[in-house]
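Enquirer: I'll drop the sequence and a predicted model, then ask my questions.
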Amino acid sequence: MAEMKRAHVMICRSTACDASNSGDVLRAMQEEIKRRGLDGAIEVVETGCRGLCAKGPVMDIYPGGIFYCHVQAEDVPEIVEETLVKGEVVERLTYEDVATGDAIPIYEDIPFYSKQERRLLRHCGKIDPQSIEEYIAFGGYSALSHALFGMTPDEIIEEVKASGLRGRGGGGFPTGRKWEATRDAHGEIKYVVANGDEGDPGAFMDRSLMEADPHSVLEGMAIGARAVGAKEGFIYVRDEYPLAVRNLTIAIQQARDYGLLGENILNSRFDFDVEIVRGAGAFVCGESSALMQSLEGRVGEPRPKHFHATERGLWDRPTCLNNVKTWANIPLIVAAGADWFASVGTDGSKGTNTFCLVGKTRNPGLIEVPMGITLREIIYDIGGGIPDDRAFKAVQTGGPSGGCIPRDLLDLEVDFDRLTEAGSMMGSGAMVIMDDRTCMVDVARYFLEFLKEESCGKCTPCREGIKSMLAILHRITEGHGEMADLDRLEALGRTVQKTSLCGLGKTAPNPVLSTLRYFHDEYEAHIKDKACPAGVCRALIEYTINPAACTGCGLCMRQCPQEAISGERKEPHVIDQELCIKCGVCHDVCRFDAVRVR
Amino acid sequence: MKKLRSLDELNRLRADLHDQVSLRLDVGTTITVGMGTCGITAGSRQVMQALQEELRAHGVEAEVTAAGCTGLCEREPLVEIHQAGKPTVTYGDITPAKVPQMVEEHLLEDRIIEDWVVRRGETGV
């Protein structure tokens, strides 16, 4: 029988907290506990991501779930003395409520957390991802057991269909139907594939899941393989996620050691094993057909879909490809049932979904909410609103394939269909929040630049169409646009949407079209007035010093990299527009708010 | 690591491992009994035992743990009940005889026994 420790200290070692030196915190904790002779009583556990990434390095202490933020190695002796020995909360390390300034020591009470429903992310931050024993202790592999011994493959598929699960990669295709098609396809050899490529800038849900709870993906794939009749699975992970690759690799080895992967699993006569394949830096390889090409060792280019991968996919064999999050939902559905899964969500979108809140938000991080929650609740209740109390302008959902949703639609319920109707899409789940200092034309330009780089070049509409749209946007942001350009953008956009070969091209115009739809006046300002209302587009803005507010302190003059500012001490200073490169440093350093941007 | 050859072996392994992580399981209710010297002298061990029996008898899911002296020695045995989303309550002068009422009213009927409350606060360790 394992010895019982009286407290567990969970320290996040996922990529974000690691970048903030949670490794130092971990070592300090291990040393201090040893120094005080407490290692028999306290367990220190390295975990994956808890979600509140902006407050890292984070630490959870059980029992009780006391949560500490921004922990440094120097704080450790105090935490050990006050919390672990005396049972007191160290207030200065707790989460501070944005509105009231109150300390909130218990994780579950933090508004960021209390509106969430963490199903997919249930284990993240609670287990050591490099320990299969902890996964098993938390109930892991019981769903697989049930699927192998208590259900037929048909029953598994029916359960997934009944749950209403739709692909969490963003496409939203009904998972049960995909599995059914794979099962019905002709062929002895079939495959299951997990898409862990996560290319969208700002998205890290898949990364966090793979880092924090790798076994959930393996278990889901095993169940799926059983249902569709596959014996081999592949997880395609982007190479830029080394920790995810490492934790998945360890997980696979441990599962094999325990006989939960491999031949004759648990004596059920079911064989299944998984291999990891790493990506090589191409966004387009997140597209399912390009991914399979890449997996086979070919150039990652998509193909037209007159037949589906479920009929002929990898090496021309029936292949069921799902996002890692979709796979990780499967053990939940098999264990708790389709009804439980469907007990939250909307009619068209059952269950929960994960999102990455990034951009102008007080609480950037990883969240999971029931489908049907409004954007307002996500942005204000969970996200804590906009920093500096600035005005909310738009939220970009769905990554570079998505669109921007304006303030009037803040009460939109988040689900696959509603987001698509509004001109955006669910996509991967990244939510970029923008305030009044964001230029929507610049946003469209930014995403198009990204897509231009990532376009594989195979089909003309995408390859040439994106470039043309980008050229027009450059003209507009540099002050050379004309009104006819807006019609050209629309026409080009619609053409690229309709005629591109794959999802990358088909959705590339979305940022442009959605910003044109909701922020038409901003485009007009750039064209007619040659002005950028948000103060972003360099060619259209001007930095000037307000002589009434300037005290002549000379700080901006000393900081200007171009030596473009001149003036006598205590006299108002002046910026030479010829030399000014619009870097904004003078604006940032001025203590008297004397630098204006127009 | 030994290869698991049957469903039974997996289930047995899971049961064995349960204690290793039970501290983190989110059952929603954590009950902490004061087990410092003051608590033990006042009879906390008997209270702890009675509590565990009562919880088992009613099938109530709760994490029961011990804490050291929290300072209110004269009111020991102290029993702190923390439930997610509710204010934490500490009852004082608890005896084995009072345990059934505490479980029934506070946990099952969701009613705080005001006369017994000595502290409201929020630590769970």
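Expert: Perfect, I can see it now. It should be emphasised that the depicted structure is a prediction, and the values quoted were computed from it without experimental measurement. Numbering: from 1, shown residues only, chains lettered A, B, ... in the order given.
Enquirer: Quick check: closest non-adjacent residue to B:E104.
Expert: B:H58 (7.7 Å; CB to CB, 6 or more residues apart in numbering or on different chains). Quick note: C-beta positions are derived from backbone N, CA and C, even for glycine.
Enquirer: For residue 72, give me its contacts.
Expert: You didn't pick a chain, so chain A it is. A:Q72 makes contact with A:21, A:24-25, A:57, according to CB atoms under 8 Å, 6 or more residues apart in numbering or on different chains.
Enquirer: hm, I was asking about chain B
Expert: Contacts of B:L72 (CB under 8 Å, 6+ apart): B:78, B:90, B:92, B:118-119.
Enquirer: before we move on, the earlier item: of the contacts of A:Q72, which belong to helices?
Expert: Judged by DSSP state H, helices contain the following of these: A:24-25.
Enquirer: Of the contacts of A:Q72, grab the buried ones for ChimeraX.
Expert: Here is the ChimeraX selection string for the buried members of these, based on 16 or more other CB atoms under 10 Å in any protein chain shown:
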select /A:25,57
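Enquirer: Among the contacts of A:Q72, which pair sits farthest apart?
Expert: A:D24 and A:P57 (8.4 Å; CB to CB).
Enquirer: Next, count neighbours for A:A280.
Expert: Neighbour count for A:A280, taken as other CB atoms under 10 Å in any protein chain shown: 10.
Enquirer: Tell me if it really is in a strand.
Expert: No. A:A280 is assigned coil when assessed by DSSP: H, G, I helix; E, B strand; the rest coil, not a strand.
Enquirer: Dump the contacts of B:L72 into JSON lines; add distance to A:K325 as well.
Expert: Formatted as JSON lines, those follow (distance: CB to CB, whole Å):
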{"residue": "B:L78", "distance to A:K325": "44"}
{"residue": "B:T90", "distance to A:K325": "41"}
{"residue": "B:G92", "distance to A:K325": "48"}
{"residue": "B:V118", "distance to A:K325": "47"}
{"residue": "B:R119", "distance to A:K325": "43"}
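Enquirer: May I ask which of these comes out lowest in pLDDT?
Expert: In terms of pLDDT, B:R119 ranks lowest among the contacts of B:L72, with 83.
Enquirer: what's near enough to touch that residue?
Expert: B:R119 touches B:72, B:80, B:89-90, B:92, counting by CB under 8 Å, 6+ apart.
Enquirer: Closest one of those residues to A:E211?
Expert: Using CB to CB, those come closest to A:E211 at B:E80, 34.9 Å.
Enquirer: if we can go back for a sec, what about the contacts of B:L72, which are in helices?
Expert: Reading helices off the contacts of B:L72, I find no matches (DSSP H).
Enquirer: By neighbour count, which of the residues you listed wins?
Expert: Neighbour max across these (other CB under 10 Å) = B:L78, 28 neighbours.
Enquirer: In contact with that one, which residues are there?
Expert: B:33-34, B:39, B:70, B:72, B:90-92, B:94, B:118.
Enquirer: could you redo the last one with a cut-off of 7 Å?
Expert: Listed by CB atoms under 7 Å, 6 or more residues apart in numbering or on different chains, the contact set of B:L78 reads B:34, B:39, B:70, B:72, B:90, B:92, B:118.
Enquirer: Could you dump the residues you listed into a markdown table and include distance to A:A531?
Expert: Output for these, formatted as a markdown table (distance: CB to CB, whole Å):
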| residue | distance to A:A531 |
| --- | --- |
| B:G34 | 68 |
| B:G39 | 72 |
| B:T70 | 64 |
| B:L72 | 67 |
| B:T90 | 63 |
| B:G92 | 69 |
| B:V118 | 66 |
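Enquirer: hmm, back to that, inside strands: which ones of the contacts of B:L72?
Expert: Using DSSP state E, B:90, B:118-119 are the members of the contacts of B:L72 that sit in strands.
Enquirer: Any stretches of chain A with poor pLDDT?
Expert: Confidence mapping of chain A against pLDDT under 70 gives the ranges A:1-4.
Enquirer: Which elements pack onto the longest helix along it?
Expert: In chain A, taking DSSP H as the definition, the longest helix is helix A:460-477. On a contact count with 3 or more CB pairs under 7 Å, 6 or more residues apart in numbering or on different chains; DSSP states H and E, helix A:460-477 meets helix A:440-454, helix A:484-499, helix A:503-507, helix A:520-528.
Enquirer: Name the residues of that helix that are buried.
Expert: A:461-463, A:465-466, A:469-470, A:472-473, A:476-477.
Enquirer: circling back to that earlier point, would you check which pair of the contacts of B:R119 lies furthest apart?
Expert: Across the contacts of B:R119 (CB to CB), the longest gap, 13.5 Å, separates B:L72 and B:V89.
Enquirer: Contact partners for residue 90?
Expert: Going with chain A. A:68, A:78-79, A:82-83.
Enquirer: my bad, chain B
Expert: B:78, B:80, B:118-119, B:121.
Enquirer: change it to 6 Å
Expert: B:78, B:80, B:118-119 (CB atoms under 6 Å, 6 or more residues apart in numbering or on different chains).
Enquirer: again with A:Q497
Expert: A:506, A:509.
Enquirer: ditto for A:I373
Expert: A:V414.
Enquirer: how much space between it and chain B?
Expert: Relative to chain B, A:I373 is positioned 18 Å away (CB to the nearest CB, to the nearest Å).
Enquirer: quick one: secondary structure of A:L357?
Expert: strand.
Enquirer: CA-only coordinates of the longest helix of chain A in PDB, if you can.
Expert: Output in PDB follows, covering the C-alpha atoms of helix A:460-477 (Å, rounded to 0.1, in the frame of the first residue of the first chain):
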ATOM      1  CA  THR A 460      -4.000  29.100 -58.400                       C
ATOM      2  CA  PRO A 461      -6.900  30.800 -56.500                       C
ATOM      3  CA  CYS A 462      -5.100  30.500 -53.100                       C
ATOM      4  CA  ARG A 463      -1.600  31.100 -54.400                       C
ATOM      5  CA  GLU A 464      -2.400  34.100 -56.600                       C
ATOM      6  CA  GLY A 465      -5.600  35.300 -55.000                       C
ATOM      7  CA  ILE A 466      -4.100  35.800 -51.500                       C
ATOM      8  CA  LYS A 467      -1.200  37.600 -52.900                       C
ATOM      9  CA  SER A 468      -3.500  40.000 -54.900                       C
ATOM     10  CA  MET A 469      -5.700  40.600 -51.900                       C
ATOM     11  CA  LEU A 470      -2.600  41.300 -49.800                       C
ATOM     12  CA  ALA A 471      -1.300  43.800 -52.400                       C
ATOM     13  CA  ILE A 472      -4.500  45.700 -52.200                       C
ATOM     14  CA  LEU A 473      -4.400  45.800 -48.400                       C
ATOM     15  CA  HIS A 474      -0.900  47.000 -48.500                       C
ATOM     16  CA  ARG A 475      -2.000  49.900 -50.700                       C
ATOM     17  CA  ILE A 476      -4.800  50.700 -48.400                       C
ATOM     18  CA  THR A 477      -2.700  50.700 -45.200                       C
END
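Enquirer: Identify the residues contacting it?
Expert: So helix A:460-477 is contacted by A:441, A:445, A:448, A:451-452, A:455, A:457, A:481, A:485, A:488-489, A:492, A:496, A:499-500, A:505, A:508, A:526, A:537 (CB under 6 Å, 6+ apart).
Enquirer: So which of the contacts of B:L78 is the closest to chain A?
Expert: Set against chain A, the nearest of those by CB to the nearest CB is B:T70 (6.1 Å).
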